[in-house]
Every structure is written in structure tokens, then in C-alpha cells.
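Colleague: Following is a predicted model, sequence given first.
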Amino acid sequence: MSSNVSWWGALLAAPAATVALVFGSPAIASELGSSIDTDDTDLVSTPLAEETTVEEIFLEEIEEIEGNVTEEDSIDSAELPTVSEDEDSQTASSESTLDDVLQYSREGRRRQTENRDSLSQVTSITQLSDVRPEDWAYQALQSLVERYGCIVGYPDRTYRGQSALTRYEFAAGVNACLDRIAELLAASTENLATQEDLETLRRLQEEFAAELATLRGRVDNLEARVAELEENQFSTTTKLRGEILFFAAVPFEQDDQFNDQVIFSDRVRLNFDTSFTGEDLLRARLEAEDTPEFEGDQLGFQFGGDNGDDIQIDDLYYEFPIGDRVSALIGANGLDIDDFTDIISPLGQSSGSGGISEFNDPRQYEQGFAGSGAGAGARIQLIDDESTGLSFDFGYVANEPGNPAEGNGLFNGDYSGIVQLTFTSDLVDIGVNYVNAYDDSAFDVGVYDVEGPAVANTYGAQVNFKLFDETLEVGGGLAFTDVAGIGGRPDYDLWSWQGTLALNDLGGEGNLLGVVAGVPSYTRDLREEGETDDTGFLAELFYRFSLNDNIALTPSIIWLSDPFNDNEVDSTFIGSLRTTFRF
């Protein structure tokens, strides 16, 4: 009994041997046929190539065993082990396991026959829909990849060498290796491709000729489409750029004749910037402001203006290139003559982030200017090297171009025209300009009360030295204006000069310490008109502290000596704080 149990235990422990014996012995098949469950058994699906390999080996084992089994080796039913009644449960379990083994074997032989029939129809790898890691082509390509580095991997930095590929994915790998080996051969490097590798590539080319041709056609088509997209990749978009200023100022010292009070004001600008080509700019600006001038300050503030916080269109212009070296600007509203050029001074480039006083804007752009309006201009870039530039800038602005009445319009009313030669480099920037203007009510420089039409010719120059990688900037400017009165009005000259100092990124990136000092507009030619001929002096110290890219605080102190060029007027001191929000 013990020997029979041991024999059955060994049989159940070796399913392959069991299946071989079952299918090799007609006697056992006859004795146990009635006890086999004929229901299909669920099998775990495996890849086609893998199943075929296992079953072919299994078949060889079965055929070898069948050839060695004789009739003497057949087992009669009488020789089957007997089981006592108290061992029923164990016997039932053994019979169930044996049934499963026999059923698996029967299903396996049936699948083997089907697979043989199916494989007989596949004579080349070109007939497979996918390429699997077990295929010769897959392994051949993998060998080439490891030798020549044809394929880096997927964008997620994985190679996925264990995964099956579609034929087109595989063909892309073959194409990459073809290109790589061609590069090696062309470069005549030391590690040239071996004859064996070239033969492998030739075979792969033949096997995947259709896919390679299709891929190359698709690549050519994609390259053409990409080229077209790159040429027309810019889409017309409009961006909103906003700036909001909160401004508080207190005149803590001034002459008794003035009665200025502490103020808190604002300015809001919303710029709608549109580009059609990526190189042009159409800007429409909405603005609301209420920052008046102090009585004791003859110049006012850079961002000064008071429209009662009513929203109005301020800037409205279009800037666009003409060729590689010319850019043009056409505006319908809000243009100033310094919009056509560079004012050079680092303190007056922006009214929202530069100095507080209007004196930060060099006087050659102000004391002979007839007022904002519509116009056009251009910049011609004469030299445009990496570190050096030279441009010729010009522009024309009409103050009331939309008024058809006599003495107005685009060419018959108040106007200003500017030409400037601008030189820029890593060390120094220089601007030399000329401004011609006509104003039918005199040129208001905030000092003299002269009425009547006049023509002004202004000559100016500004220079700015940039030291220590532009950490320190030192410069200044000079302005001279010859005013010729019309209809018996007086002629007079206006002079102004200033010096500037800027320390960039002082105390942090984006910060700016600025100093401007000099003489605002003055003349000695109007004594007979009852005007004083003293010389005033203005100085400002400010520090812009950037909290982040969007918010900056700028405290400032302004000192004005002999306001309105009158030494009998006490000096004015103004303290202020500007908060700038940009988005």
C-alpha cells in the first residue's frame, strides 16, 4: 500500500511525466476515459511565439516517451492502487487533480495542432502585426542599438526593451540605426560597422521595406507641414498689461504765498497690446488720473495729470518693421516726440518706475514741445552690432490733427518735429537731437507768462556712462531753445542742464537709487517783459524698492531752490511715496 501511495505521489508531483504516460498508454486512457471531465478548462493566454516554443518541446518529450513505452509497460486497471473507505476524501482529491492534468494535456495537444496550422501560414516576420522581444528582428535591432546608440529612448527616458512594438515603431528604429551607421561610415571613425551588422541591417531593410517607405513619406510630409507652421506659427493675440499708481505727497516746506496741502492721488493705465506678426505692436491705452501739480513746484511730477479719474484713450499707435533696419510708428493719439527715440537718461525712461519729478525727463524733449497728439515717425538702424548701435530717429506730432478749423489740422496747427542721432554701446549712450515746433499760445515751461504764437528750435544732447556692468550709471544733458515770437511777440532763449546718477540693484534685484540735479528752464531775455532773471535749482533723491516683480515702493524727496527763477521765493521741499502695481 505504501509503495502504491508513493507511486501516485510521484505521479502527481510531476505533471509532465503524468501527461506523457497518459497519452503514451492506451490502457490507462481506456480505464480512465470515463472518469475524465470533458468540460473545457480555462487556460492562461500567452504570446504566440512563446506558446509554440513550449508545446514543440513538450511534443518532442511525449513522442520520445511514447516510443519507449511497450505493452508490458501498460498499466491494467487491476494494478491501480486500492483505496480504503477511510481514504475516500484523499482519493477524490487525487482523482480531481488527475482529471485536471489529463484535461490540460488534451487541451494542450488540441491547441498545438491549431498553432501548427496557424504557424504554417506565417513564413516571414512581415506577416506578423507586431514585433515581439522573442523575434529575431527585434533582437537584431536591439544588438545594433546597444552597439551604435541608434535609439536613446522614449521622451519619458525609458527604453521599453521588453515590450512588443508595432511594425511602424520597429521600422522607425531600423531607420535610426541606418542613419547612425551611415554617419559613422561618412565620418570614417574608428569603430566602423562590421560586415555582420551591415548584413543584419540589409535583412532588416528587406523585411521592413514597406514600413520604411511609408515612414519616410510621412516624415517628409510632416517636415513640410512643420516648416509651414513655423512660417505661420504666430497667432494674433491681445495682451492686457496694467499699471496702477498710488501717490502720496506732502509739501513740508514752501513759501507762504503757496497753500499746497497733503495729497493722495492715483493713475491707472490699461494697455491692450496686439501683434499680428510677432514683430509689430498695436497699442490702445485707457487711462484715468488725478495727480495735479503743486503751486510751489514749477515742473510737477512725471506722471502728473488730472482728468478727474475719467477713463479716456491715451496712447493709440501702431509700430511695425520695414525690412531689417527700419521700424515705423504711426499714432492717432497721445504721441510725444520722445516716443520716436531714446531719451538716454536712466531716470526718465518710465513715469511709473523712474524718478518722481518731471525734471527726470530731459528738458530738450519738453521746453520746445507743442503738445501731444497724432503723428508718425521712424527709426533707421545704421549700425546694429552685438555691443554697438547707431540709429537715426525722426518723428512728427500734430497737437490737434482732428480739428478741421482754420489754424488747426494735421499740418496747419501746433506741431513738433524731432530728429535724433542715437549711439548706444556697453560703455556709453549718447543722443544728439534737434526739435522744431510751432505753438500758437507760446511754449509753457512753467516759469514765464508769455503769450502769443511762436516758433521754437531746440538743440539738445544727453550722455550716460554705464560702469561696473551697468551697476553704476553717470550722465547728464544740456538743452538750448531759441524761441522766435510771431506778430510782435518777444524772442528769447531757454537753457537747461542736468546731471544724473543711478545705482542699479542696490539692496536687491530690481531696486534703483537715483539722483537728478540741475537747472530747469531759465532765460535772461525777458526782463523788459517784467520777468525775473534768477536761476532756480532742482534736486531729487529717490529709491525704488521692488517688493517683487509686480509691486514697487518709491520714496522721494525733492528740493527746489528759487522756485520760478525768483530768489525772493522760499525753497520748496516735497516728500512723496509712490506705489506701483504692474500686471
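Modeller: Received it, and whenever you're ready, just let me know what you need. Numbers count the residues shown, from 1 in each chain.
Colleague: In the stretch 51-200 of the chain, where is pLDDT below threshold?
Modeller: For the stretch 51-200 of the chain, applying pLDDT under 70 flags the ranges 51-138, 141, 144-165, 168, 188-193.
Colleague: Helices along the stretch 101-250 of the chain, start to end?
Modeller: In the stretch 101-250 of the chain, the segments counted as helices under DSSP state H, counting those that start in this stretch are 136-148, 167-187, 195-207, 209-231.
Colleague: Quick one: closest of the ones you listed to residue 337.
Modeller: Each of the helices of the stretch 101-250 of the chain has some distance to residue 337 by C-beta to C-beta; the shortest is helix 209-231, at 37.1 Å. C-beta coordinates here come from the backbone N, C-alpha and C atoms, glycine included.
Colleague: average model confidence for that closest one?
Modeller: Averaging pLDDT along helix 209-231 yields 78.
Colleague: and that helix, which residues are buried?
Modeller: Within helix 209-231, the residues that qualify as buried are 211-212, 215, counting by 16 or more other C-beta atoms under 10 Å.
Colleague: Summarise which helices and strands it is packed against.
Modeller: Judged by 3 or more C-beta pairs under 8 Å, 6 or more residues apart in numbering; DSSP states H and E, the packing partners of helix 209-231 are helix 167-187.
Colleague: how far is the helix it packs on from where the chain is centred?
Modeller: Put simply, helix 167-187 sits 33 Å off its chain's centre (C-alpha atoms, centre = their mean, to the nearest Å).
Colleague: Can you give me the buried ones in that helix?
Modeller: By 16+ other C-beta under 10 Å, the buried positions in helix 167-187 come out as 167, 170-178, 180-181.
Colleague: tell me the phi and psi of residue 394?
Modeller: Backbone dihedrals for residue 394, given as degrees, to the nearest 10, come out at phi -150, psi 150.
Colleague: Can you give me the neighbour number for the residue lying closest to it once chain neighbours are set aside?
Modeller: In space, not counting the residues next to it along the chain, residue 394 is nearest to residue 419; the distance is 4.5 Å by C-beta to C-beta, 6 or more residues apart in numbering. Using other C-beta atoms under 10 Å, residue 419 has 16 neighbouring residues.
Colleague: Residue 419 bridge partners, please.
Modeller: residue 394, residue 434 (DSSP bridges).
Colleague: show me what contacts it?
Modeller: With contacts taken as C-beta atoms under 8 Å, 6 or more residues apart in numbering, residue 419 has the following neighbours: 392-394, 433-434.
Colleague: for residue 512, same thing?
Modeller: Taking C-beta under 8 Å, 6+ apart as the criterion, residue 512 is in contact with 353, 502-506, 543-544.
Colleague: now, which of those residues sits nearest residue 426?
Modeller: Using C-beta to C-beta, the contacts of residue 512 come closest to residue 426 at residue 504, 14.4 Å.
Colleague: TSV please, covering the helices of the stretch 101-250 of the chain and showing distance to residue 442.
Modeller: Listed next are the helices of the stretch 101-250 of the chain as TSV, based on distance: least, C-beta to C-beta, whole Å:
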stretch	distance to residue 442
helix 136-148	83
helix 167-187	77
helix 195-207	87
helix 209-231	54
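Colleague: and residue 456, which of those is closest to it?
Modeller: helix 209-231 (48.4 Å).
Colleague: Could you name the helices and strands sitting against the helix or strand hosting residue 495?
Modeller: Taking DSSP states H and E as the criterion, residue 495 maps to strand 492-504. When contacts are defined as 3+ C-beta pairs under 8 Å, 6+ apart, strand 492-504 sits against strand 472-485, strand 512-522.
Colleague: Comparing these, which stretch has the densest surroundings?
Modeller: When neighbours are counted by mean count of other C-beta atoms under 10 Å, the highest per-stretch mean among the helices and strands packed on strand 492-504 falls to strand 512-522, a mean of 21.
Colleague: Partner strands of that strand and their direction?
Modeller: Strand 512-522 has its sheet partners listed here by DSSP bridges as strand 492-504 (antiparallel), strand 537-546 (antiparallel).
Colleague: just to revisit the earlier point, out of the buried residues of helix 209-231, who's nearest residue 321?
Modeller: The nearest member of the buried residues of helix 209-231 to residue 321, counting by C-beta to C-beta, is residue 215 at 40.3 Å.
Colleague: right, and the closest one touches residue 171 too?
Modeller: Yes. Here residue 215 lies in contact with residue 171, judged by C-beta atoms under 8 Å, at a distance of 5.4 Å.
Colleague: circling back to that earlier point, mind checking the helices and strands packed on strand 492-504 for the one nearest to residue 358?
Modeller: strand 512-522 (9.0 Å).
Colleague: Could you give the separation of that closest one from the chain centroid?
Modeller: That offset, for strand 512-522, works out to 39 Å (C-alpha atoms, centre = their mean).
Colleague: same deal with stretch 559-574?
Modeller: Stretch 559-574 has its C-alpha centroid displaced from the chain centroid by 51 Å (C-alpha atoms, centre = their mean).
Colleague: Which residues does that stretch contact?
Modeller: 249-258, 294, 296-298, 446-447, 522, 532-540, 557-558.
Colleague: same thing but 6 Å
Modeller: Stretch 559-574 is contacted by residues 249, 251-255, 296, 298, 447, 522, 532, 534, 536-539, 558 when judged by C-beta atoms under 6 Å, 6 or more residues apart in numbering.
Colleague: Now tabulate the helices and strands packed on strand 492-504 in TSV and tack on distance to residue 337 and mean pLDDT.
Modeller: Output for the helices and strands packed on strand 492-504, formatted as TSV (distance: least, C-beta to C-beta, whole Å; pLDDT from 0 to 100):
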stretch	distance to residue 337	mean pLDDT
strand 472-485	13	96
strand 512-522	16	95
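Colleague: could I get these as CSV with distance to residue 203?
Modeller: Putting the helices and strands packed on strand 492-504 into CSV (distance: least, C-beta to C-beta, whole Å) gives the following:
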stretch, distance to residue 203
strand 472-485, 70
strand 512-522, 70
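Colleague: Okay, and the beta partners of residue 461?
Modeller: Counting by DSSP bridges, residue 461 is bridged to residue 432, residue 478.
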